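> model this:
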Amino acid sequence: MLGTFAVLYPLLLGGLVVECLLPHENCLKTGRLQHSDNNCYPPLSDVPCTANQRFVMDDAGRGVCMDLTCKDNNNRFSQDKLMYKGKCENLFDSDICKGNGRLLMLNVKGEGVCVCGDGWVEGPKGKCSLLYTRGHCPSQQILVSLISLAHSPQLREREYSCSMGNKCVVASECSGCNMIKEFESMFFGMNNSPMPSTCSKKGQKQFCCPKNAAETPKDEVKYYMNRMMDAPKGFGKCVTNICKPGHTIYPLYKNSTAECFPAEKNLDSCTTDIILSRGIVQCKPDNFLDLGPIEENPCNSKTSFSAITGGCINKFGVIGVTEPVKKVCLLKQSQVYVEDGLCYEEHIGPCDDGYVFAMSTAGAGFCRRQTEEPSSQTCPDNMSPDYNFQGDLICLCKEYFTRIPTGCQYYNSRATCTGAKQRLVTGADAIRSGRDFPCAQGFACKPNEKKCKQHVRVEKKLDSDFNETSTFTYTCREDGKEGVCCPTRRVGDYFNDNSKFILSRMEVRMQDPGVCIETDCTKDYVHVDEQGNLSCKNTPLLMTFRTGYTSDCNPGFYSLRRGRCIIGWGR
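Numbers count the residues shown, from 1 in each chain. Sure thing, here's the model as predicted:
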């Protein structure tokens, strides 16, 4: 059976690839970098570089692959080490940097920088302030993380202001805010994080309008580059402490929200981190032994859990929502909105006019500006323009076709099958045929679901929504006996990144990759009828099933998942 991961879906899975063929500033404005292949990728992402490289920004704002120079104890090049002042150091090392709260992090150029991080945010004068203390806030206020502020019901309705000199206004009243909002919504959304330039006035979420908002930056490329370079600094907001005397706000483990806990009196004078120990928020003792979380790690393999922020910190310091929060929404056929922590279906979405609800490569929802119409995209034969989960306009195989590494191929043809008489059919046809068929690469055929109950529950949950339009199957058949395809250790996303794995299973239901079955055909095509009978043909047959999208939409509406007609993406 053909694989169901990025090898077959370079334009779909994770949405990392965007066939843009546009000036590199068009990538920058969405918080991504243009590679020499003319595609846009997030900085420090796994693609398009090798395992011994990092995808970083050069001095012109383009993306390049930079060789790793530091090795781990096993003499292998390591993504967790970096060169700093001529020496190889550990990422997130606090001993290298001077000043309370400063950690060694990566910027988007792949350089080591000492910035306020993991519970510390940069104040007005560049000094690091500790979250959940007064920090640089006015009297009676407390400094909280963006993620806890956005996701805590008792906090997000509170008023919180902008940094010094910026005014809190409705975004439409700030003539220079459009570019800021467009960039932040995409860059921080793709990193599963709320936008830092938001504020709240009288219970209404608004936008921080800079002093020079009326002026459009003369050099947009430089503006986007500087904003991306600032990403590791960390962000927080000052809000009124809602807790009773002797208590303070502190995030709960793994769900990104904050509640009131008893607190020591000296928090404002802490020079180390603050921790929640035995139900009391206190300064972290110098001799504190961190045994790690008792519960399961709530972050994926690419991020680390930050207890003091209640989120997952990525390689260059942006704090995002945790895996359990994303997973709850994904299994409801929705996504968690990074700005409020609630689940929304993609066709409903909480976005302003001109923005559409999209999904990050890790499964979190965010609002992004939609500027392109499908008619603006030119696609090869057998492909048509449509939107991927990230809201990018891409080319998808038309109905009756499936994607193979070299393009699109009719179902029922030999396609990429290895045997001379093997033919690629839909999952539904494979089951009807009664013939043996294997699992995708990275999956093993098991006689029943006992070996992977959790995985099967995910598949069944997704099937409950896709069953009318998807022909994809997660079953297999060996020696005439039907079984279940269980992930093996080679499918790292299943074991290390549940949200991304669920997203990949949603993707294959959009466009069934097909399965190779043995036939008796010497002709080019096979047809499987409703009773499972096979007949050999010289020409392809147009099939009546629908693979998850439809062209039967009214003017002004576009098609995507599950046969729904939508306005743009997510409306």
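> is it fair to say S504 lies in a helix?
Yes. According to DSSP: H, G, I helix; E, B strand; the rest coil, S504 belongs to a helix.
> Could you give the number of residues near it?
By other CB atoms under 10 Å, 21 other residues sit near S504. No exception for glycine: its C-beta is placed from N, CA and C like everyone else's.
> With V47 instead?
By other CB under 10 Å, 16 other residues sit near V47.
> For the residue lying farthest from the centre of the chain, give me its contacts.
For the chain, the largest distance from the centre (CA atoms, centre = their mean) belongs to T522, which lies 44.6 Å off. T522 makes contact with 421, 536, according to CB atoms under 8 Å, 6 or more residues apart in numbering.
> can you rerun that using 10 Å?
Listed by CB atoms under 10 Å, 6 or more residues apart in numbering, the contact partners of T522 are 420-421, 536.
> P262 now?
Contacts of P262 were listed using CB under 10 Å, 6+ apart, and they are 243-244, 246-248, 250, 276, 278-282.
> mean confidence score for the helix or strand where Y250 lies?
Element membership for Y250 (DSSP states H and E) is strand 247-251. In this model, strand 247-251 has an average pLDDT of 88.
> Please identify the buried residues of that strand?
By neighbour count on 16 or more other CB atoms under 10 Å, the buried set for strand 247-251 is 247-251.
> How far away from the center of its chain is the following helix or strand past that strand?
With elements assigned by DSSP H and E, the helix or strand that comes after strand 247-251 is strand 258-262. Offset of strand 258-262 from its chain centre (CA atoms, centre = their mean, to the nearest Å): 29 Å.
> For S269, give me phi and psi.
Main-chain dihedrals, S269, degrees, to the nearest 10: phi -100, psi 10.
> Next up, the contacts around it.
130, 133, 283.
> Can you add pLDDT and distance to Q377 and give those residues back as JSON lines?
As requested, those are arranged in JSON lines below (pLDDT from 0 to 100; distance: CB to CB, whole Å):
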{"residue": "L130", "pLDDT": "90", "distance to Q377": "48"}
{"residue": "T133", "pLDDT": "89", "distance to Q377": "50"}
{"residue": "C283", "pLDDT": "88", "distance to Q377": "55"}
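> nearest to E373, of those?
L130 (47.6 Å; CB to CB).
> so the closest one makes contact with T271?
Yes. Look at L130 against T271 with CB atoms under 10 Å: they come within range, at 8.7 Å.
> Could you pull up the contacting residues of R76?
Listed by CB under 10 Å, 6+ apart, the contact partners of R76 are 51-52, 68.
> do D59 as well
Contact partners of D59, counting by CB under 10 Å, 6+ apart, are 109, 225.
> Could you give the backbone dihedrals for L331?
In terms of degrees, to the nearest 10, the main-chain angles of L331 are phi -70, psi -10.
> meant to ask about Y223, not that
The phi and psi values for Y223, taken as degrees, to the nearest 10, are phi -60, psi -50.
> likewise K453?
The phi/psi pair for K453 (degrees, to the nearest 10) is phi -60, psi -40.
> Show the pLDDT at it.
If you check K453, the pLDDT there is 86.
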